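Undergrad: Could you work out the structure for the sequence below:
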Amino acid sequence: MQEQEAIIADIEPLVKSAGLELVEFNLSQHRGSTQARAMVYSPNGTGTDECAAAYRLIYPRLQVLLGTEDVYLEVSSPGIDRTLKSAREYSIFSGRGIRVLLLNETEWIRGRIISVSDNKLVLRTVGDKNSDRGDMTIGLDSIVKARLDSTQEGD
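TA: Residues are numbered from 1 along each chain as shown. Alright, predicted model coming up:
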């Protein structure tokens, strides 16, 4: 696990230099080869060009860091309805529409991420008819589940 964290610390600046965010990185051993999965994001859109650019930056660095040419690397985008897995991801997806389900609630709250700090999320909520209901501050520890909400894109 420490090796993975060291690799993330090394490749994250490379990915940022291409205007991308490293959302997630996993490293595993499988049948004698090393497999790596990187997920990258660009607020301007994450398509095959962005994934290819990240691959070209990450792959040679992984070979050097791991001391092997036998590395399998897969680079992907987060997808339009990604489940947010960490506090760090709320910052990465700032400005994007999300749906959150809070503790002891049965209804999802929809809105756009305004900011994240001190373990709190500020969400500009939207109502049933996409009307603005105002800003809501939510403790990250009270969120049961959060997903990107592609239905809010273009609003």
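
Undergrad: Thr106 versus the residue nearest the centre of the chain, what's the distance?
TA: By Cα atoms, centre = their mean, the chain has its centre lying nearest to Val23, at 3.6 Å. Applying Cβ to Cβ, to the nearest Å, the value for Val23 to Thr106 is 29 Å. Placement of C-beta: from N, CA and C, glycine included.

Undergrad: likewise Asp81?
TA: Distance check for Asp81 against Thr106: by Cβ to Cβ, it reads 20 Å.

Undergrad: Would you mind listing the outside residues contacting the lowest-mean-pLDDT helix or strand in the chain?
TA: In the chain, the helix or strand scored least confidently by mean pLDDT, DSSP states H and E is strand 132-139, which has a mean of 83. Contact with strand 132-139 is made by 100, 102, 109, 111, 114, 119-127, as judged by Cβ atoms under 8 Å, 6 or more residues apart in numbering.

Undergrad: Stretch 57-73 too?
TA: 6-7, 10-11, 14-15, 17-18, 32-38, 55, 75.

Undergrad: Now list the buried members of these.
TA: By neighbour count, with 16 or more other Cβ atoms under 10 Å, these hold Ile7, Ile11, Leu14, Val15, Thr34, Ala36, Ala38, Val75 as buried.

Undergrad: Would you map out the domains in this protein?
TA: What automatic domain parsing lists as the domains of the chain is 2-76, 87-152.

Undergrad: next one: the shortest one to chain centre, how far?
TA: Here domain 87-152 is found 15 Å from its chain centre; the criterion is Cα atoms, centre = their mean, to the nearest Å.

Undergrad: before we move on, what about the longest one?
TA: Distance, stretch centre to chain centre, for domain 2-76: 14 Å (Cα atoms, centre = their mean).

Undergrad: Now that domain: average pLDDT?
TA: The pLDDT scores in domain 2-76 average 91.

Undergrad: quick one: the strands in the chain?
TA: Secondary structure of the chain by DSSP state E: the strands cover 21-30, 33-41, 71-76, 97-102, 109-117, 120-126, 132-139, 143-148.

Undergrad: export the ones you listed to a markdown table and tack on distance to Ala87?
TA: Converted to a markdown table, the strands of the chain look like this (distance: least, Cβ to Cβ, whole Å):
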| stretch | distance to Ala87 |
| --- | --- |
| strand 21-30 | 13 |
| strand 33-41 | 16 |
| strand 71-76 | 22 |
| strand 97-102 | 13 |
| strand 109-117 | 7 |
| strand 120-126 | 9 |
| strand 132-139 | 11 |
| strand 143-148 | 10 |
